[in-house]
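Student: kindly return the folded structure for what I paste below:
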Amino acid sequence: MKLKTALFDFDGVIVDTEPIYDIFWNEAGERYGTGIDNFAAVIKGTTLPYIMEKYFSDRPEEFRQMVIKESTEYESTMPLPAMPGSLEFLHLLKEQGVQMGLVTSSDNSKVERAFKLHHLEGMFDTIVTADRITKGKPDPMCYLLAANDLGVSPSDCLVFEDSFAGIQAGTAAGMRVVGLSTTNPEESLKDKVYEVIPNFEKITLEDYMKW
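Tutor: Below you'll find the predicted structure:
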């Protein structure tokens, strides 16, 4: 039986960064005067250019540069703790010869830092970061690009996602999506994904084959 290609989102799936981001963006949302409650939840899973265009397009250029600089500096030093079971699960799939891709709204520099931290160099067969796409999640471009890189059809891909924007992107790409309830409660994901898991802690190869 040929195993499907696994495509992983990064934040909230492999690394547990969402709570750390929430603190930064909620505080920043207030400081920048967005007038949006819980700003972090609203922008989950989207890229920095998208955030700029959607929420700060009416601000002067220097203000936008300041927002970009602050968030980039924060990202370059923020902790990147692994999600429970995620590294073990990646190694398990790798040992079974499963093709794997990383598909993230984060940029190259953050991904490189995480790879060094968690010794993930050479783990993925393709990597799609914000630097490679013109349209971010919820647009399916990033997932279609990963499938194209690996020469597989979207229907042969399994996507692991936690954000609504990411789930939408994987679904729109024609892929089966497994949702992680690390960022949003299980109830809110149930009708949008094939199956919901809390994290990768107890996930076996049998589970993967079943999906």
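Student: hey, where'd the helices end up in this protein?
Tutor: Counting by DSSP state H, the chain has these helices, from start to end: 18-31, 39-43, 48-55, 61-77, 86-95, 108-118, 141-150, 164-172, 186-189, 205-210.
Student: mean pLDDT, distance to Thr126 and mean neighbour count for those helices - can I get that in JSON lines?
Tutor: In short, each C-beta sits where N, CA and C put it, glycine included. Shown next, in JSON lines, are the helices of the chain (pLDDT from 0 to 100; distance: least, Cβ to Cβ, whole Å; neighbours: other Cβ atoms under 10 Å):
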{"stretch": "helix 18-31", "mean pLDDT": "92", "distance to Thr126": "24", "mean neighbour count": "16"}
{"stretch": "helix 39-43", "mean pLDDT": "93", "distance to Thr126": "26", "mean neighbour count": "18"}
{"stretch": "helix 48-55", "mean pLDDT": "93", "distance to Thr126": "22", "mean neighbour count": "16"}
{"stretch": "helix 61-77", "mean pLDDT": "93", "distance to Thr126": "22", "mean neighbour count": "13"}
{"stretch": "helix 86-95", "mean pLDDT": "97", "distance to Thr126": "14", "mean neighbour count": "17"}
{"stretch": "helix 108-118", "mean pLDDT": "93", "distance to Thr126": "12", "mean neighbour count": "16"}
{"stretch": "helix 141-150", "mean pLDDT": "98", "distance to Thr126": "4", "mean neighbour count": "20"}
{"stretch": "helix 164-172", "mean pLDDT": "97", "distance to Thr126": "15", "mean neighbour count": "23"}
{"stretch": "helix 186-189", "mean pLDDT": "97", "distance to Thr126": "26", "mean neighbour count": "14"}
{"stretch": "helix 205-210", "mean pLDDT": "96", "distance to Thr126": "19", "mean neighbour count": "12"}
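Student: out of those, flag the one nearest Val128.
Tutor: Among the helices of the chain, helix 141-150 comes nearest to Val128, with 4.9 Å by Cβ to Cβ.
Student: would you enumerate the residues in contact with Gly97?
Tutor: Residues near Gly97 by Cβ atoms under 8 Å, 6 or more residues apart in numbering: Leu3.
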